[in-house]
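Enquirer: Give me a 3D structure for the following:
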Amino acid sequence: MTAKRFCAAALLLLTAVACDDGDTEPVPGDATAARAPEPEPAPEPEPEPEPAPEPEREPDAAPEPEPEPWPAPLPDAMPGLAVVHDGRLVAAGETLAIDGPPAGLDHPVTIALTLVWRGAEPIDWPDDPAAWLDAPGFSWQIPPPLRLDTDETARIELAFDPAIADAAGTYIASITPPGVDFALDVQVQLRRPLRMVVVGSDGRTLVSDAYGLDLRPTADAIEPSARHTIAWGAGRFFRSWATGGEWQDPGAYAYSDDGLTWTPSTAAPEFWSSGCAYGVDRFACAVGDRFAWSMNGAGVVHEATAWQGMLHAVHFADDRFVAVGRGGRRAVSFDGVTWAHDSGDGGLPDGVDDDWFFAVTARPEGDWVAVGGRDSTITAHSPDGVDWSVAREPGSRGAYSVACLPGRCLRDSNGGESPLYVSLDGIDWQPLALAEPQSVYLLGTVNGWFVAAVNPWQQPGALYRSRDGIEWTLLHETDAPVHWVALAVEGWESTR
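Expert: Numbering: from 1, shown residues only. Coordinates of the predicted model:
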């Protein structure tokens, strides 16, 4: 190659290199270099992607159902019969301890068990529930099954009746399924019976822990005193009395947690109370024509006079106090302080001037009964304590007391020819034929019994109880010339 051709090739190579490098200055006089390359158009920006749609929200899931009250699954290694109580697996030979109600109450205790059969083959049991259980007071509410297949479950229910007991104690039943190496003891612990306290016309006090069968004196007479009443509420007994035998003597009050030891209440020396009841978290007492009240018995507040007829009795049931008194007065209070309904003391619709009510109570069925009269007997019935129908029995001697159990009410006759009258509906009253007619005063009811006093004039009184008002059992006699005038019984609420 000649030198001239070499130089030309080199020049072409340099020119090509210069064109490829945008940072190199062009060679002067070179036509190709003089034309700068046109820049490529800038790429259009890509559109931003649309945001992805939010996923639709799943609707709130339904809450998980409560688990069965027993473990599932049971351990695989557990052969034979498994028993579950209150969500817990019970070991063979274990004792289930159950807190029961006070002895003597008609309030059955139920124990529910779940059986699970884990044997390889089904099991059959004899058609004889007694083969599983033989214990006084216990019975099957839901009897054991006749057969269980593998992994099959069955619910059984055992019941114990505290009414068979007359004292606190422990009652045990052994459950022994036939043909199975399993045994279980159920132990029910009963409390003592509800305490009953009876007060006399001079302040003497009797206490019973067997619904009247073991009445025993606990307090001497309060001298001087009269017009004693007693009630139960707020976990304690609350009593009132007049501090003397004169009409205008002021009232006094005391409270006790056990009916044995009494603490004086703080109260102004106002008129005495003719009766007290407990409801809506307070004691309410009929004092003259108005209420006195106490939250727990320790202090007593007297409301201002209502300038109405004197009240003789007050009772609480459901959500209301109902009080009755002179001039046919019937009044309702929902708070134990003020009156929501008050008939006033304008008398009864028949216009007869013998219109004093002396006692009022609620039937267990929910309606109300009041009795009274002096030269004739008046009875009244109300569905709610507000609206009353009144009946009169001319020529009779009035009624001073009334008490009701389910399906049956009794009232006295103030020493009339028939000492007691019975009503099955609280409206229609019929005389009861008693073997020994006497003047009977009804104090109230306790655990399915009517309790009454026989208080002969200026002679010692006696106490009796009866299921039906016909057959009576003597509970207590005293040597002192005291009349029994009021009773109260402990309350109890089931926690099961």
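
Enquirer: Any regions of the chain where pLDDT drops low?
Expert: 1-79, 435-437, 496 (pLDDT under 70).

Enquirer: where along it do the helices fall?
Expert: Applying DSSP state H to the chain gives helices spanning 3-20, 31-34.

Enquirer: From start to finish, how long is stretch 274-285 in a straight line?
Expert: By C-alpha to C-alpha, to the nearest Å, the extent of stretch 274-285 from end to end equals 7 Å.

Enquirer: May I see the buried residues of that stretch?
Expert: Neighbour counts over stretch 274-285 (16 or more other C-beta atoms under 10 Å) mark Ser274, Gly275, Cys276, Ala277, Tyr278, Gly279, Arg282, Phe283, Ala284, Cys285 as buried. In short, each C-beta sits where N, CA and C put it, glycine included.

Enquirer: Out of these, flag the one nearest to Val489.
Expert: Nearest to Val489 among the buried residues of stretch 274-285 is Tyr278, at 11.7 Å by C-beta to C-beta.

Enquirer: May I have the beta-bridge partners of His302?
Expert: Ala292 (DSSP bridges).

Enquirer: is it true that it touches Ala292?
Expert: Yes: using C-beta atoms under 8 Å, His302 makes contact with Ala292 at a distance of 4.5 Å.

Enquirer: neighbour count winner among these two?
Expert: Ala292 (26 against 19; other C-beta atoms under 10 Å).

Enquirer: Surely that one and Glu270 touch.
Expert: Yes: between Ala292 and Glu270 there is a contact under C-beta under 8 Å: 6.9 Å.

Enquirer: Now do the shared contacts for the two.
Expert: Common neighbours of Ala292 and Glu270, using C-beta atoms under 8 Å, 6 or more residues apart in numbering, are Gly251, His302.

Enquirer: distance of the residue nearest to Gly327 when sequence neighbours are not counted from Leu146?
Expert: Closest residue in space to Gly327, ignoring its immediate chain neighbours: Asp345 at 2.8 Å, by C-beta to C-beta, 6 or more residues apart in numbering. Using C-beta to C-beta, to the nearest Å, one gets 69 Å for the distance from Asp345 to Leu146.

Enquirer: Between these two, tell me which one has more neighbours.
Expert: Asp345 (20 against 12).

Enquirer: That one: what's it in contact with?
Expert: By C-beta under 8 Å, 6+ apart, the neighbours of Asp345 are Gln308, Gly309, Gly325, Arg326, Gly327, Gly328, Arg329.

Enquirer: which of those sit farthest apart?
Expert: Maximum pairwise distance in these, criterion C-beta to C-beta, is 11.1 Å, between Gln308 and Gly328.

Enquirer: Neighbour count: the two, which is higher?
Expert: A side-by-side neighbour count of Gln308 and Gly328, using other C-beta under 10 Å, places Gly328 first with 26 against 20.

Enquirer: what's near enough to touch that one?
Expert: Gly309, Ser343, Asp345, Gly346, Gly347, Leu348, Asp355, Trp356, Phe357, Val390.

Enquirer: and these, which are buried?
Expert: Gly309, Ser343, Asp345, Gly347, Leu348, Asp355, Trp356, Phe357, Val390.

Enquirer: Out of those, which comes closest to Asn447?
Expert: Closest approach to Asn447 among the buried ones among the contacts of Gly328 (C-beta to C-beta): Phe357, at 27.4 Å.

Enquirer: ok, that closest one - contacts?
Expert: Applying C-beta under 8 Å, 6+ apart, the residues near Phe357 are 312-313, 324-326, 328-330, 370-372, 378, 380.

Enquirer: Return a PyMOL selection command for the buried portion of those residues.
Expert: Applying 16+ other C-beta under 10 Å to the contacts of Phe357 leaves a buried subset, and the PyMOL line that selects it is:
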select buried, resi 312+313+324+325+326+328+329+330+370+371+372+378+380
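
Enquirer: ok, so what distance separates Leu190 from Asp99?
Expert: Note on Leu190: its distance to Asp99, by C-beta to C-beta, is 9 Å.

Enquirer: Oh, that last question was meant for Ala210, not what I typed.
Expert: 21 Å.

Enquirer: neighbour count winner among those two?
Expert: Ala210 (18 against 11).

Enquirer: I'd say the more buried one and Leu194 touch.
Expert: No: Ala210 is beyond contact range of Leu194, at 9.9 Å (criterion: C-beta under 8 Å).

Enquirer: any common contacting residues for the two?
Expert: Common neighbours of Ala210 and Leu194 (C-beta under 8 Å, 6+ apart) are Gly104.

Enquirer: what's the offset of stretch 463-477 from the middle of its chain?
Expert: Using C-alpha atoms, centre = their mean, to the nearest Å, the mean C-alpha position of stretch 463-477 is found 29 Å from that of the whole chain.

Enquirer: what sits up against that stretch?
Expert: Residues outside stretch 463-477 that contact it (C-beta under 8 Å, 6+ apart) are 198, 206, 208, 211-213, 215, 408, 410, 420, 422, 432-434, 443, 446, 448-454, 460, 462, 484.

Enquirer: cutoff 6 Å now
Expert: Outside of stretch 463-477, the residues within contact range by C-beta atoms under 6 Å, 6 or more residues apart in numbering are 212, 215, 410, 420, 422, 432, 449-453, 462, 484.

Enquirer: Cross-check the contact I'm expecting between Ile427 and Ala380.
Expert: No: in this structure, Ile427 is not within contact of Ala380 by C-beta atoms under 6 Å, at 9.5 Å.

Enquirer: State the distance from the residue nearest to Gly327 to Arg392.
Expert: 18 Å.

Enquirer: Kindly report the same for Phe316.
Expert: Distance, Phe316 to Arg392, using C-beta to C-beta: 27 Å.

Enquirer: So between these two, which is more surrounded?
Expert: A direct count of neighbours by other C-beta under 10 Å for Phe316 and Arg392 places Phe316 higher, at 22 against 16.

Enquirer: Residues in a beta bridge with that one, which ones?
Expert: Phe321.

Enquirer: how near is it to Gly275?
Expert: Using C-beta to C-beta, Phe316 is found at 11 Å from Gly275.

Enquirer: what's the neighbour count on Met196?
Expert: 29.

Enquirer: Contacts only, for the nearest residue to it once chain neighbours are set aside.
Expert: Once flanking residues are discounted, Met196 sits nearest to Ser208: 4.6 Å by C-beta to C-beta, 6+ apart. By C-beta under 6 Å, 6+ apart, the contact set of Ser208 is Met196, Asp214, Leu215.

Enquirer: now swap in Leu442 and tell me
Expert: Ser401, Ala403, Leu410, Asp412, Ala452.

Enquirer: Show me which of these are buried.
Expert: Buried among the contacts of Leu442 (16+ other C-beta under 10 Å): Ser401, Ala403, Leu410, Asp412, Ala452.

Enquirer: Turn the residues you listed into TSV, including distance to Thr261.
Expert: Supplementary listing: the buried ones among the contacts of Leu442 in TSV, determined by distance: C-beta to C-beta, whole Å:
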residue	distance to Thr261
Ser401	29
Ala403	28
Leu410	33
Asp412	33
Ala452	28
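
Enquirer: Let me know the closest of those to Phe237.
Expert: Ala403 (19.0 Å).
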